[in-house]
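Enquirer: Fold the following for me, if possible:
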Amino acid sequence: MNIVEINVPLYEAAWLPWAVQYFFFIGLSTAAALVAALADLGGGERWRGIQPAAMLLALSTAVVAPVALLADLAQPGRFWHFYAYFTPWSWMSIGSILLPAYVGVLFVYGLLWQRERVRDSHAPGWLAWLGRGNWSGRKLLPVAAAATVVLALSILLYTGSEVMVVRARVLWHTLWLPVNLALTALVGALGGVLLLQHWCAGCAQAEAGRPFANRLLLAALLLTTLCALGWAASGMLLGGASFNEALRLFQQYGYWKLLFIASLVVGLVLVGGSLRALRSPVWLERSWLRGALALLAAWSFRWAVLMDVQTVPKYGAGLYPYQLPLGSDGLLGIAATFGLWAAMLMLLAMALGLDDPQDDEAIWERGAHG
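Expert: Numbering: from 1, shown residues only. Below you'll find the model as predicted:
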């Protein structure tokens, strides 16, 4: 009898938790921007009821996402190399153009959206410039909203595609991945809207806003389910390598089986809770709990896709061990980005006059004097 021993080299994770934070926050921003923009593109009063929360979510996460991306790049030289050595066949290089364009257009859209409110309020001197002139920002809103939609969709395409094109990772290399990332981003964004409608007084002025957000969340969850079923069906019928690899991991490793069961349970809780909220005022009032769960689900999906998949060897058997570092490349970095997001939410809510919509003058005074 011959015994053959196979030694498999252990590789460190190429993408760190910073990448998870970037994909999470840029997904929230783009999906929320789409929701906010639809209110100015003929969406009607129901969309306007959730627009303040969506706009606040889009703007705040648009600040945090590039910070996480710069941290993930690690080497400062990699940032300017995207521009000095532009490669149009690289999705990351394309993203270096799309990301600043999206953030810039989004903030222009946010300023135009806020212009009429500033003109009608007693804004402090540092913000009064926004309302100067006789031109109407309302007329330019549809143009800015349309530009925001185009760039938001392009960001969703580029972020999903830069993961999908990695052929060495079988689980990533499927056309279903960009769609699933976009839909889970929408689930997280609508969850964030429900959470902000509870926390931020100015985000819940319209009574129909919360029921409509629940309906949209339910629709996003159903679309995500259909996407997952389409991925599974195409894998079984057409022999997709991505689905077959996922099935192998599910059958051989308890951790991946636990991931699947947890995803199923969370999905059922979110769907059932949204249905219940449309019939019960008590459940509707507690929508923020489902909002927080939807945010956690969107983040967890990105962790599974970006970090857990890297523990699967490209060649060989078993799983690579991974321990979350406590420093800036791990737990501290995750906590720092969420802390930055919380700070941006508070600052932007005050700057946009959404923390207490009943007293605009007092809001501007607090913003002017800290």
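Enquirer: Residue 177 contacts residue 166, correct?
Expert: No: contact criterion CB atoms under 8 Å: residue 177 and residue 166 do not qualify, at 10.0 Å. For every residue, glycine as well, the C-beta is placed using N, CA and C.
Enquirer: neighbour count winner among the two?
Expert: residue 177 (22 against 14; other CB atoms under 10 Å).
Enquirer: quick one: the helices in the stretch 101-250 of the chain?
Expert: 125-128, 137-164, 176-199, 209-238, 241-252 (DSSP state H, counting those that start in this stretch).
Enquirer: tilt between the fourth one and helix 176-199?
Expert: With axes from the mean of the first three to the mean of the last three CA atoms, to 10 degrees defining the directions, helix 209-238 sits at 160 degrees from helix 176-199.
Enquirer: re earlier: return the most buried member of the helices of the stretch 101-250 of the chain.
Expert: Of all these, helix 176-199 has the most neighbours on average by mean count of other CB atoms under 10 Å, namely a mean of 25.
Enquirer: what packs against that one?
Expert: For helix 176-199, the elements it packs on are helix 17-38, helix 45-73, helix 137-164, helix 209-238, helix 287-303, judged by 3 or more CB pairs under 8 Å, 6 or more residues apart in numbering; DSSP states H and E.
Enquirer: average model confidence for it?
Expert: Mean pLDDT, computed over helix 176-199, is 94.
Enquirer: would you put the C-alpha positions of it in PDB?
Expert: C-alpha atoms of helix 176-199 as PDB (Å, rounded to 0.1, in the frame of the first residue of the first chain):
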ATOM      1  CA  TRP A 176     -26.100  35.800 -11.300                       C
ATOM      2  CA  LEU A 177     -23.700  37.300  -8.900                       C
ATOM      3  CA  PRO A 178     -24.000  41.000 -10.000                       C
ATOM      4  CA  VAL A 179     -27.800  40.700 -10.000                       C
ATOM      5  CA  ASN A 180     -27.800  39.200  -6.500                       C
ATOM      6  CA  LEU A 181     -25.400  41.800  -5.100                       C
ATOM      7  CA  ALA A 182     -27.700  44.600  -6.600                       C
ATOM      8  CA  LEU A 183     -30.900  43.000  -5.200                       C
ATOM      9  CA  THR A 184     -29.400  42.500  -1.700                       C
ATOM     10  CA  ALA A 185     -28.200  46.000  -1.800                       C
ATOM     11  CA  LEU A 186     -31.800  47.100  -2.400                       C
ATOM     12  CA  VAL A 187     -33.000  45.000   0.500                       C
ATOM     13  CA  GLY A 188     -30.400  46.600   2.700                       C
ATOM     14  CA  ALA A 189     -31.200  50.100   1.500                       C
ATOM     15  CA  LEU A 190     -35.000  49.700   2.100                       C
ATOM     16  CA  GLY A 191     -34.100  48.300   5.500                       C
ATOM     17  CA  GLY A 192     -32.100  51.400   6.200                       C
ATOM     18  CA  VAL A 193     -35.000  53.600   5.100                       C
ATOM     19  CA  LEU A 194     -37.300  51.800   7.600                       C
ATOM     20  CA  LEU A 195     -34.600  52.300  10.300                       C
ATOM     21  CA  LEU A 196     -34.200  56.000   9.500                       C
ATOM     22  CA  GLN A 197     -37.900  56.600   9.500                       C
ATOM     23  CA  HIS A 198     -37.900  55.500  13.100                       C
ATOM     24  CA  TRP A 199     -34.800  57.300  14.200                       C
END
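Enquirer: Nothing else from me, thank you.
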